[in-house]
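Visitor: Starting from these lines, generate the structure:
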Amino acid sequence: TWFDVIASASSPALIARIGEADRTNPALAQEGAARDRLLAGLTCTLLESSTPPVLTLLLLSQAAPVQTGYGPDSDESRAALASADAEIRRLLDCLTRSGRDESTTIIVAGDRGVLPVHTLVAPNALLAEAGLVTASPTSPESIGRWSALSRSNGGSAFLYAKSDGAALQARRALSREAAKTRAFRVVSAEQMLVAGADPEAWFGLEAEPGFGFGNQSVPPFLQAGARRGVGGYLSGRPGTEAGFVAWGRGVRPGVRIPRMRQTDVAPTIGRLLGLDLGEVDGRPLIGILALPATKRAPAASNQTGAP
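Guide: Alright, predicted model coming up:
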């Protein structure tokens, strides 16, 4: 449950307060405004305490399920984003009341972009027809036995196989269907590795605009999507960019970032805090930080006295 996840990474005092709220408010079991209000309120309590944490991480979850359920351009999504903005405003007010607004850095980062969809593709239904997947009798989303299996990420899917033969058979079947429906394309293992995808996958699938993937293993292969938005595309498709905004102590004002990777967020925060994160995939965005210049030792003079 969501409480189990939080309890595995929170302090005892926070766990007690969240657990009490969880027992009395069933709405907290789902991502949404109620959960965001609770966690933002607890964050305010921490920020206004006499010993606030050096680093606070807060996940506001209400916008994600609304964007996938109703579509990114829907009135419901705009309302959810406005509600999330209100929680950020609440945190800023807490910092102002505690007198810590000028000594704090605030970073707001999105985790993925969502594009509108109208049709869901079910690769496992095709694999079941080919004898590579046996559907579970209890749920269309559940799988019994399998030799090759597709796992959806929304706008992409990864294909896993237990043998070379099963992988080749699955690829032939899916390639034929991709050419027939033009709803998706097959992505080679080499392209998957370049994109940073799961190296255990034999190959991948990426949906065309308007399409997304599901995990069901029963027909039809194409069906009207219950979800109206998906993220998780492999390529940098326009519209899938996640936002990044930073301001406050240690951040240079007025700097715009044309492009960055999500793996750059943690190294940038680490540089701001003076932490050495070691070998990581991302890079710190030095140009957005207003940090003291590193002192350099004077260059040694050569024999002629020239600098």
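Visitor: Helix, strand, or coil at the spatially most central residue of the chain?
Guide: In the chain, the centroid-proximal residue (CA atoms, centre = their mean) is residue 111; its distance is 3.5 Å. Recorded secondary structure, residue 111: coil (DSSP: H, G, I helix; E, B strand; the rest coil).
Visitor: buried ones in the longest helix seen in the chain?
Guide: Criterion DSSP state H: the longest helix present in the chain is helix 75-97. Using 16 or more other CB atoms under 10 Å as the test for burial, helix 75-97 gives 77, 80-81, 83-84, 87, 91, 94-95. Backbone N, C-alpha and C define where each C-beta goes, glycine included.
Visitor: Of these, which is the nearest to residue 67?
Guide: residue 77 (4.8 Å; CB to CB).
Visitor: quick one, what contacts that closest one?
Guide: 63, 66-67, 70-71, 229 (CB atoms under 8 Å, 6 or more residues apart in numbering).
Visitor: circling back to that earlier point, what are the phi and psi values for the residue nearest to the centre of the chain?
Guide: Note on residue 111: its backbone torsions stand at phi -100, psi -20 [degrees, to the nearest 10].
Visitor: Let me see the contact set for it.
Guide: 64, 242, 262.
Visitor: From those, list just the buried residues.
Guide: Neighbour counting over the contacts of residue 111 (16+ other CB under 10 Å) leaves residue 64 as the buried ones.
Visitor: Out of the contacts of residue 111, which sit inside helices?
Guide: residue 64.
Visitor: can I get the contacts of residue 111 in a markdown table with pLDDT and distance to residue 135?
Guide: Shown next, in a markdown table, are those (pLDDT from 0 to 100; distance: CB to CB, whole Å):
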| residue | pLDDT | distance to residue 135 |
| --- | --- | --- |
| 64 | 92 | 28 |
| 242 | 86 | 35 |
| 262 | 88 | 35 |
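Visitor: Looking at the contacts of residue 111, which is nearest residue 23?
Guide: Top of the list for closeness to residue 23, among these and by CB to CB, is residue 64 at 24.8 Å.
Visitor: ok, the residue lying closest to that closest one once chain neighbours are set aside to residue 7 distance?
Guide: Nearest non-adjacent residue to residue 64, counting by CB to CB, 6 or more residues apart in numbering: residue 31, 6.4 Å away. Using CB to CB, to the nearest Å, we find residue 31 at a distance of 17 Å from residue 7.
Visitor: do residue 32 as well
Guide: In terms of CB to CB, residue 32 sits 19 Å off from residue 7.
Visitor: cool, and residue 62?
Guide: 21 Å.
Visitor: So between the two, which is more surrounded?
Guide: residue 62 (21 against 16; other CB atoms under 10 Å).
Visitor: which ones are touching residue 118?
Guide: Contacts of residue 118 (CB under 8 Å, 6+ apart): 210-211, 224-225, 228.
Visitor: just the buried members of those?
Guide: 211, 225, 228.
Visitor: Mark which of the residues you listed are part of helices, please.
Guide: Per DSSP H, the subset of these in helices is empty.
Visitor: Out of those residues, flag the one nearest to residue 22.
Guide: residue 228 (29.4 Å).
Visitor: Now for that closest one: which residues touch it?
Guide: 68-71, 74, 116-118.
Visitor: cool, residue 285 as well?
Guide: With CB under 8 Å, 6+ apart, residue 285 has these contacts: 257, 260, 264, 268.
Visitor: Out of those residues, who's the most crowded?
Guide: Busiest of the contacts of residue 285 [other CB under 10 Å] is residue 268, holding 22 neighbours.
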